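Enquirer: Just a sequence and a predicted model for now, questions to come.
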Amino acid sequence: MNVTSSLIEVHIFRKVENDLEFLLLKRASHEKYPDLWQMVTGSIENEDAHQTALREINEETGLTPIKFWVVPNINSFYSPERDVIVMIPVFAVLVEENQKVIISDEHSEFKWVKKEEAIKLLAWPGQRQSVEIIYEYFTNQKSFLKFVEIHL
């Protein structure tokens, strides 16, 4: 069994009245995991993981990031089809409050949600944990957390 890193996860958020809202996308019915709520995800294609994240943000939402960070969390899962453990780097992106979201045909709808609703809607524990970490960092500025900023 091998360990690989072929996917990325990006949590897009905006600041609204001293709080954060997270963008969730509902997978289209013709996709794997139909009707599942998720953040931006994607496959790495001959590029660095952070480049994949920026490409997928554009393809799946049409949004332009203001700031871009590496979240100090790695999501993971086991793929029995390939007999590999997949490690997924996690990113956080801040966007302007009033930017227009344009979803791709991979998704049927989107919504901006508060932390509590994001945690209820996301399927996997690692995704929910990333939301908690991002929220804590950007609302409390805990000194023990360190987000590395990727300059755009």
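Expert: Structure received. For clarity, every value in this text was computed on a predicted model and none was experimentally measured. Numbering: from 1, shown residues only.

Enquirer: Now stretch 126-142: average pLDDT?
Expert: Stretch 126-142 comes out with an average pLDDT of 90.

Enquirer: Over to stretch 96-114?
Expert: What stretch 96-114 shows for mean pLDDT is 95.

Enquirer: Contacts for the strand ranked longest in the chain next, please.
Expert: For the chain, the strand that runs over the most residues, judged by DSSP state E, is strand 67-79. The contact list for strand 67-79 (Cβ atoms under 8 Å, 6 or more residues apart in numbering) reads 9, 11, 50, 53-54, 84-94, 124, 126-127, 129-130, 133-134, 145-152. Using the backbone N, CA and C atoms, a C-beta is placed for each residue, glycine as well.

Enquirer: Quickly run through the sheet partners of whatever helix or strand comes next after that strand, with directions.
Expert: Remark: after strand 67-79, the chain's next helix or strand is strand 84-94, criterion DSSP states H and E. Next to strand 84-94 in the sheet, as set by DSSP bridges, lie strand 2-4 (parallel), strand 7-16 (parallel), strand 67-79 (antiparallel).

Enquirer: Now do the helices in the chain.
Expert: Under the criterion DSSP state H, helices of the chain are mapped to 49-61, 115-121, 125-140.

Enquirer: So which of those is the most surrounded?
Expert: Among the helices of the chain, ranked by average contacts under mean count of other Cβ atoms under 10 Å, first place goes to helix 49-61 (a mean of 20).

Enquirer: Centre of the chain to the worst-scoring helix or strand of the chain on mean pLDDT, how far?
Expert: Sorted by mean pLDDT, DSSP states H and E, the helices and strands of the chain end with strand 148-149, the least confident at a mean of 86. Here strand 148-149 is found 15 Å from its chain centre; the criterion is Cα atoms, centre = their mean, to the nearest Å.

Enquirer: ok, now stretch 90-108?
Expert: Centroid displacement of stretch 90-108 relative to its chain, using Cα atoms, centre = their mean, is 10 Å.

Enquirer: cool, and stretch 115-132?
Expert: Mean-position distance between stretch 115-132 and its chain equals 10 Å (Cα atoms, centre = their mean).

Enquirer: Over to stretch 88-99 now: how far is its first residue from its last?
Expert: Length of stretch 88-99, first residue to last, Cα to Cα, to the nearest Å: 27 Å.

Enquirer: ok, the nearest residue to Lys115 once chain neighbours are set aside to Asp19 distance?
Expert: Leaving aside its sequence neighbours, Lys115 sits nearest to Tyr135 (Cβ to Cβ, 6 or more residues apart in numbering; 4.6 Å). Using Cβ to Cβ, to the nearest Å, Tyr135 is found at 9 Å from Asp19.
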